[in-house]
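**Q** Turn this into a structure:
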Amino acid sequence: MNRVNEDDLEWDDADRGERVGWRRKKLAAAAGGDDLGCSLYELPAGKRAWPYHYHSANAEALYVLAGEGTLRHADGETRLRAGDYVALPAGPEGAHRVVNDADDTLRYLALSTMRDPEVLVYPDSEKVGVLAGGPPGGDGERDVSAYFRRDDAVDYWDGETE
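**A** Numbers count the residues shown, from 1 in each chain. From the prediction side, this is the model:
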């Protein structure tokens, strides 16, 4: 059994401009978790987390610890508040984005299976991401980590010789 306390970890900050940014502590990674990921997030007022997306291989879940916000999902939008738990299955029905449209910090846990390889889909920007050699949220170098617009697709045999 490995134990970690959030107070022992430093925040990783992500600032992607005026409307996108968060702080994260990778709890599961710090405790040596391999099969189940768990990160603590703080989303400041007026900020959004990761772009709207879904995972092809990994299921995720959110548990709201404090604050309020909105979850954009495949069926629309749902208000989030402390005590809410949301299951997000792999596939299009699990598409999501967390938005803090309230006045206080939104604090939540994001949990996930840690399957590798993974294909991520970003419906708004028509992109796909391909990850191999480490699951999303995992630490370390990956063999493959690339993002493409769906329109960049080529025929299977393009560039191949006999």
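
**Q** Quickly find the element holding Arg72.
**A** According to DSSP states H and E, Arg72 maps onto strand 68-73.

**Q** Sheet-wise, list the partners of that strand with their directions.
**A** In the sheet, strand 68-73 lines up against strand 76-81 (antiparallel), strand 96-99 (antiparallel) (DSSP bridges).

**Q** Pick the most deeply packed of those strands.
**A** Mean neighbour count, computed with mean count of other C-beta atoms under 10 Å, is highest for strand 96-99 among the strands paired with strand 68-73, reaching a mean of 20. C-betas here are computed from N, CA, C, even on glycine.

**Q** For it, output the C-alpha coordinates as PDB.
**A** Taking C-alpha atoms only, strand 96-99 is exported to PDB below (Å, rounded to 0.1, in the frame of the first residue of the first chain):
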ATOM      1  CA  HIS A  96     -16.700  16.400 -21.500                       C
ATOM      2  CA  ARG A  97     -15.300  19.700 -20.400                       C
ATOM      3  CA  VAL A  98     -15.400  21.400 -17.000                       C
ATOM      4  CA  VAL A  99     -16.100  25.100 -16.800                       C
END
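
**Q** which residues sit against the very next helix or strand once past it?
**A** As assigned by DSSP H and E, the chain's next helix or strand after strand 96-99 is strand 106-113. With contact meaning C-beta atoms under 8 Å, 6 or more residues apart in numbering, strand 106-113 is reached by 27, 35-43, 45, 55, 57-69, 80, 90, 98, 100, 135-137.

**Q** which residues touch Ala30?
**A** Listed by C-beta under 8 Å, 6+ apart, the contact set of Ala30 reads Val4, Asp8, Leu9.

**Q** Could you pick out the buried ones from the residues you listed?
**A** Buried subset of these (neighbour count, 16 or more other C-beta atoms under 10 Å): Val4.

**Q** and the residue lying closest to Met114 once chain neighbours are set aside, what pLDDT?
**A** Distances taken as C-beta to C-beta, 6 or more residues apart in numbering put Pro135 closest to Met114, at 4.1 Å, once the chain neighbours are dropped. For Pro135, the model assigns a pLDDT of 87.

**Q** Can you show me the strands along this structure?
**A** Remark: strands assigned in the chain by DSSP state E are 12-15, 21-26, 36-43, 54-55, 60-66, 68-73, 76-81, 85-88, 96-99, 106-113, 118-122, 127-132, 144-149.
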